[in-house]
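Undergrad: sequence and predicted structure, then a few things I'm wondering about:
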Amino acid sequence: MIVFAGPSLAGQQIPGNSRLDIRDPVRQGDVYLATLERPSAIGIIDGYFEGVPSVWHKEILWAMSQGIPVLGAASMGALRASELDTFGMIGIGVVYEAFRDGHLEDDDEVALVHAPEEMGYVALSIAMVNVRATCMAAAGSGVISNSQADFVIERAKAQFYKNRTWDSILRGADPEILPLNSVTNLRHWIDAHEVDQKGIDALLLLKRMAQSDFGTRAAQFHFEQTDLWIQTTDVWRRREREKVVHHEAGYRLLGNMDLLR
């Protein structure tokens, strides 16, 4: 089973399971190429966007048309699952359900900035869905009132997703609504009890995949192989072959350098 993930699993205790092949966040073409490997299922958690073409809906439909179950949760996976669940994509978790039911609509709810793979995809900003979950939990614990929680959520939502951190959200808050002592108490509470809803949902997806035997699923729709689809997949396959050639050439070069030494 192939799973595309990144920051949503950063710092999480990932269950060891030989069935799960966890790869980098998904980008356009990855699901199509994964389908060619004939996995028993594909899971989408995190994915690239903005500077990198995002995973295409049609490649997910292609995977399902080949009888491969596709699951989504937490981040990009939740978005795509809410858009494609009527075609058979399996959505998992609170974030998916919020998008499915129309309570959330904006992509910035799950978007964040994160460190590169070499640094473990550590989040450098906070996703809006985690702000919401944390504020609601803080209100439920009596740390802040419901109206104060709404105030913090509104401040966070007004910020650009790349700049959204707890410090930027709480710094300079209106003292008439959120007095300094409330800010201090909330900061301490967050340090110990912050709710990582994306992480929770990501682990739910891994658990579901590790414990399930999905089998082959017949698609309930007709997949149209348009000229654009054929041309695009040809490009993806060619790029993948070139990557393999360059990778193998690099190993040969390193081997020759060892001989020279």
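TA: Structure received.

Undergrad: C-alpha from now on. contacts and neighbour counts both.
TA: Noted.

Undergrad: run a quick neighbour tally on residue 236.
TA: Using other C-alpha atoms under 10 Å, residue 236 is surrounded by 16 other residues.

Undergrad: any idea which element it lies in?
TA: helix 227-260 (DSSP states H and E).

Undergrad: now that helix: mean pLDDT?
TA: Per-residue pLDDT values over helix 227-260 give a mean of 70.

Undergrad: what's the answer for stretch 78-89, then?
TA: Rounded mean pLDDT across stretch 78-89 is 97.

Undergrad: mind checking how far residue 19 is from residue 41?
TA: Residue 19 sits at a distance of 10 Å from residue 41 (criterion: C-alpha to C-alpha, to the nearest Å).

Undergrad: okay, and the common contacts of those two?
TA: residue 1 (C-alpha atoms under 8 Å, 6 or more residues apart in numbering).

Undergrad: between those two, which has more neighbouring residues?
TA: Remark: of residue 19 and residue 41, residue 41 carries more neighbours, 25 against 14, as counted by other C-alpha under 10 Å.

Undergrad: tell me, what's the model's pLDDT at the more buried one?
TA: With respect to pLDDT, residue 41 scores 95.

Undergrad: what does it show for phi and psi?
TA: When read as degrees, to the nearest 10, the backbone of residue 41 gives phi -170, psi 160.

Undergrad: ok, it touching residue 70?
TA: Yes: assessed by C-alpha atoms under 8 Å, residue 41 is found in contact with residue 70 at 5.9 Å.

Undergrad: backbone dihedrals for residue 212, please?
TA: Per degrees, to the nearest 10, the backbone of residue 212 is at phi -110, psi 150.

Undergrad: and it, what does it touch?
TA: Shown in contact with residue 212 (C-alpha under 8 Å, 6+ apart): no residues.

Undergrad: could you do residue 129 as well?
TA: Contacts for residue 129 (C-alpha under 8 Å, 6+ apart) come out as 95, 109-110, 197-198.

Undergrad: show the backbone phi and psi for residue 3.
TA: phi -130, psi 130.

Undergrad: good, we can wrap up now.
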